[in-house]
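Novice: Here is a sequence with its predicted model. Questions after.
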Amino acid sequence: MKVLILFCVFALAFADPEPGSPSSSASKPSDKPQSFQHQSSLKESANQHLDAKKDSSEAAAEAASAEEYRQLNADEVKQLLLKVVDENIDKDKDGSITADELKEWLKILQEKVIQDNVNRQWAYYHPETEEVLSWEGYYPEKKQVVSWERYLNYTYPDEALKEGEPATPELKEVKDMIRRAERRWKNADVDGDGSLSKEEFRDFIHPEESQRAGGVAVIEAMEDMDKDKNNEVSLEEYMAHLNKVSGEEKEDPNWASAQQGHFTNFLDKDKDGSLNEAEMREWVVPTYDRSEAEAWRLISIADQDQDTKLTRKDIEDYHEYFLTLLPPEYWVQDDPTESSRHDEF
């Protein structure tokens, strides 16, 4: 069965919240798959692609995968959060959670989400083993790779791979996806041999996580958001994009003003009312430590005694803001084991 890979930027699905402002993001895990299963008709696939631009790099979760997620009630969330705090976050067992402890746990979760996604997609393409000469030139090394041709044939419907003008708008949409995929593939292909090693494949799937490969994610973001094609993203274009990709959190009466404030106060560095390429890059592929920023944001929300640390009570009282501390497997229905996950992402 073929699948279509979505190329929505993880960082764009939900704008980085304004430091110190509560985030109202919701009740599902942050490892939303970046791909969806190919349907029986091309039209269904293209329509699903259009809908699925709400793909999250909150990492987050209305997935087009076949996994089912369970909703946790408040008591379950509190119990699981305290379990995570005790077992994984409070390393020195002093009853307080520091920004460093939060940061380290958030980094672990983010890496797990990304690597699990890469592992599943890598396995789907059944990589081939190739022999390459070592630097010394005497001893061939074996490495697993996925070729561009294999990726195309496993991913896209045959109709989309034929030469010529697309016959339908849906087919044009898929051909545009292939164009973007090829650009992203070449960007990840460090040695230029047309095939990707697993390390290169990671940059293909998650360019936003790589300073080297991140430029293509910025280009894609500009293409998606810059509707008037003036090489800048205005506040109106920014808000239109967020409205398109965001979920229930946008129903919060304070949501729009918070996002507008974030644009004006933090993203628009030169205060000219729009985001240029450099400003977009700092948003999509930031040079600052996202995990550290999120750790301090959480502390700013829940630190009731203002000592720059969190207690178990702080986390219980503000549990709805700490859902991102729960590992993805806590949300999987019934059997949260790898064997319960579907190979096609």
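Specialist: Thanks, I have it. Here the structure is a predicted model, which means the values were calculated and not measured.

Novice: from here on, contacts and neighbour counts on C-alpha atoms
Specialist: OK.

Novice: helix or strand right after the helix or strand containing residue 172?
Specialist: Using DSSP states H and E, residue 172 maps to helix 169-188. Using DSSP H and E, the next helix or strand after helix 169-188 towards the C-terminus is strand 195-196.

Novice: Show me what the very next helix or strand once past that next one is packed against.
Specialist: Under the assignment DSSP H and E, the closest C-terminal helix or strand after strand 195-196 is helix 198-205. Packing partners of helix 198-205 (3 or more C-alpha pairs under 8 Å, 6 or more residues apart in numbering; DSSP states H and E): helix 99-124, helix 169-188.

Novice: want to throw the ones you listed into JSON lines with mean neighbour count?
Specialist: Listed next are the helices and strands packed on helix 198-205 as JSON lines, based on neighbours: other C-alpha atoms under 10 Å:
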{"stretch": "helix 99-124", "mean neighbour count": "18"}
{"stretch": "helix 169-188", "mean neighbour count": "18"}
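
Novice: Let me have those helices in CSV, extended by distance to residue 227 and mean pLDDT.
Specialist: Output for those, formatted as CSV (distance: least, C-alpha to C-alpha, whole Å; pLDDT from 0 to 100):
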stretch, distance to residue 227, mean pLDDT
helix 99-124, 30, 95
helix 169-188, 16, 94
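
Novice: Show me the one of those helices that comes nearest residue 84.
Specialist: Residue 84 lies closest to helix 99-124 among the helices and strands packed on helix 198-205, at 9.5 Å (C-alpha to C-alpha).

Novice: Now do the closest one and helix 198-205, the angle between them.
Specialist: If you take axes from the mean of the first three to the mean of the last three C-alpha atoms, to 10 degrees, helix 99-124 sits at 100 degrees to helix 198-205.

Novice: next structured bit after helix 99-124?
Specialist: Counting by DSSP H and E, what follows helix 99-124 is strand 128-133.

Novice: Average pLDDT for that following strand, rounded please.
Specialist: Mean pLDDT, strand 128-133: 82.

Novice: which stretches of this protein have low pLDDT?
Specialist: Scanning the chain for pLDDT under 70 picks out 1-70, 133-138, 332-345.

Novice: quick one: contacts of the longest strand belonging to it?
Specialist: For the chain, the strand that runs over the most residues, judged by DSSP state E, is strand 140-147. For strand 140-147, contacts defined as C-alpha atoms under 8 Å, 6 or more residues apart in numbering pick out 125-134, 194-198.

Novice: if we can go back for a sec, may I have the helix holding residue 172 as CSV, with CA atoms only?
Specialist: Provided in CSV are the C-alpha atoms of helix 169-188 (Å, rounded to 0.1, in the frame of the first residue of the first chain):
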residue,chain,number,x,y,z
PRO,A,169,-6.7,19.5,-9.8
GLU,A,170,-6.2,16.6,-7.4
LEU,A,171,-3.5,15.1,-9.5
LYS,A,172,-1.8,18.5,-9.8
GLU,A,173,-1.8,18.7,-6.0
VAL,A,174,0.0,15.4,-5.8
LYS,A,175,2.5,16.4,-8.5
ASP,A,176,3.2,19.5,-6.5
MET,A,177,3.9,17.3,-3.5
ILE,A,178,6.3,15.3,-5.6
ARG,A,179,8.1,18.5,-6.7
ARG,A,180,8.5,19.5,-3.0
ALA,A,181,9.6,16.0,-2.0
GLU,A,182,12.3,16.0,-4.7
ARG,A,183,13.6,19.3,-3.5
ARG,A,184,13.6,18.1,0.1
TRP,A,185,15.3,14.8,-1.0
LYS,A,186,18.1,16.6,-2.8
ASN,A,187,18.6,18.8,0.2
ALA,A,188,18.9,15.8,2.5
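
Novice: other SSEs contacting it?
Specialist: In terms of contacts (3+ C-alpha pairs under 8 Å, 6+ apart), helix 169-188 is packed against helix 42-51, helix 158-161, helix 198-205, helix 214-225.

Novice: And stretch 185-202, what's buried?
Specialist: Neighbour-count burial for stretch 185-202, with 16 or more other C-alpha atoms under 10 Å as criterion, is recorded at 185-190, 195-198, 200-202.

Novice: Let me have those in TSV, extended by distance to residue 233.
Specialist: Shown next, in TSV, are those (distance: C-alpha to C-alpha, whole Å):
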residue	distance to residue 233
185	25
186	26
187	23
188	26
189	29
190	30
195	34
196	32
197	34
198	34
200	30
201	29
202	28
